[in-house]
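Enquirer: Here is a sequence with its predicted model. Questions after.
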Amino acid sequence: MKYSIFFFLSLFINLSHSEVSSLQDKDWIYVDTSIQSQHKVYIGEKSISINQKDSRKVNFWMMIQYGQKQAEIINSAKAYFTGDCKNSRVQINRLIAFTGEYLTGEDKLAPISKEWIEVPPSSLYGSLLRYACSALGKI
């Protein structure tokens, strides 16, 4: 199960920089593009919130626009995370795959394990977590 999550979110651990620009007419903020795969990653600006169960954690949505199709029918995906700012780790709470670009077309809920994943600060997950945490003043 853990491997299926990383299939959808085989997210580009070796990224070097983050840029921020808006996705036109959406509430998504561009975070980065994978050097190897050209997948584009966004964070849901209005989705960033303090976790209700633990105020030291944050919640946020992430969107992936795949540079190349990951399977015959998957062009984009959306994942809902809980992030632990202090311990630099994330938990995937929900994962939805879409047949169209930028979360359009048919969608399918993918199974997840909800295990905590350690994220190096220089990784894409680390960039997403840092953005969410700094937006709420948690770092």
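Expert: That came through fine.

Enquirer: bridging residues for Lys57?
Expert: Asp84 (DSSP bridges).

Enquirer: Near it, how many residues? Count them for me, please.
Expert: 23 (other CB atoms under 10 Å). Placement of C-beta: from N, CA and C, glycine included.

Enquirer: What of Ser55?
Expert: Ser55 has 10 neighbouring residues, counting by other CB under 10 Å.

Enquirer: likewise Gln52?
Expert: Around Gln52 there are 8 residues (other CB under 10 Å).

Enquirer: so it sits in a strand?
Expert: No. Gln52: not assigned to a strand; according to DSSP: H, G, I helix; E, B strand; the rest coil it is coil.

Enquirer: does the nearest residue to Ala110 once chain neighbours are set aside have beta-bridge partners, and which?
Expert: On the basis of CB to CB, 6 or more residues apart in numbering, the spatially nearest residue to Ala110 that is not a chain neighbour turns out to be Leu95, at 4.3 Å. Beta-bridge partners for Leu95, by DSSP bridges, are Ala79, Ala110.
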